[in-house]
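Enquirer: pasting the sequence and the predicted model now:
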Amino acid sequence: MHLMNILLAPISRPLVYLDPSSGSMIIQMALAAALGLGAAVTIFWKNIKSWFTKKKTGEDASYDPTALPEDMQKHI
């Protein structure tokens, strides 16, 4: 019986260890996801709002919020 306990001990009692760097990485990933979602909502707020209200956005529908201004495009 004792031999069975010794052989099955690693299976029955898993060792769970979370070092500080893993915890820090999990926190960073959660913050990055939250900030990325916030940025996406900020950029596309008009499209999101029109999707829920079922109204068209009008002539702003072709507006690209990520496009560079015209004076910046001259330098490229």
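Expert: Right, received. Where do you want to start?
Enquirer: and D71, what's its pLDDT?
Expert: Listed pLDDT for D71 reads 70.
Enquirer: tell me which element it is part of?
Expert: helix 70-73 (DSSP states H and E).
Enquirer: go on, S24?
Expert: Here S24 sits within helix 20-43, counting by DSSP H and E.
Enquirer: following that helix, which helix or strand shows up next?
Expert: Per DSSP H and E, helix 20-43 leads on to helix 45-53 as the next helix or strand towards the C-terminus.
Enquirer: what residues of that next one count as buried?
Expert: For helix 45-53, the buried set under the neighbour-count rule, 16 or more other C-beta atoms under 10 Å, is empty. C-beta: built from backbone N, CA, C; applies to glycine.
Enquirer: make 594 the starting number, not 1.
Expert: From this message on, residue numbering opens at 594, which makes the last subject helix 638-646.
Enquirer: that helix to helix 613-636, inter-axis angle?
Expert: Computed by axes from the mean of the first three to the mean of the last three C-alpha atoms, to 10 degrees, the angle separating helix 638-646 from helix 613-636 equals 80 degrees.
Enquirer: CA atoms of the helix holding S617 as CSV?
Expert: Output of helix 613-636 as CSV, limited to C-alpha atoms (Å, rounded to 0.1, in the frame of the first residue of the first chain):
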residue,chain,number,x,y,z
PRO,A,613,6.7,36.6,-9.2
SER,A,614,7.6,37.1,-12.9
SER,A,615,4.6,35.0,-14.0
GLY,A,616,2.2,37.0,-11.9
SER,A,617,3.7,40.2,-13.2
MET,A,618,3.2,39.0,-16.8
ILE,A,619,-0.4,38.0,-16.1
ILE,A,620,-1.1,41.5,-14.7
GLN,A,621,0.6,43.2,-17.7
MET,A,622,-1.5,41.1,-20.2
ALA,A,623,-4.7,42.0,-18.4
LEU,A,624,-3.8,45.7,-18.4
ALA,A,625,-2.8,45.6,-22.1
ALA,A,626,-6.1,43.9,-23.0
ALA,A,627,-8.1,46.5,-21.0
LEU,A,628,-6.2,49.4,-22.5
GLY,A,629,-6.4,48.0,-26.0
LEU,A,630,-10.2,47.5,-25.7
GLY,A,631,-10.5,51.0,-24.4
ALA,A,632,-8.5,52.4,-27.4
ALA,A,633,-10.6,50.4,-29.8
VAL,A,634,-13.9,51.6,-28.3
THR,A,635,-12.6,55.2,-28.4
ILE,A,636,-11.6,55.1,-32.0
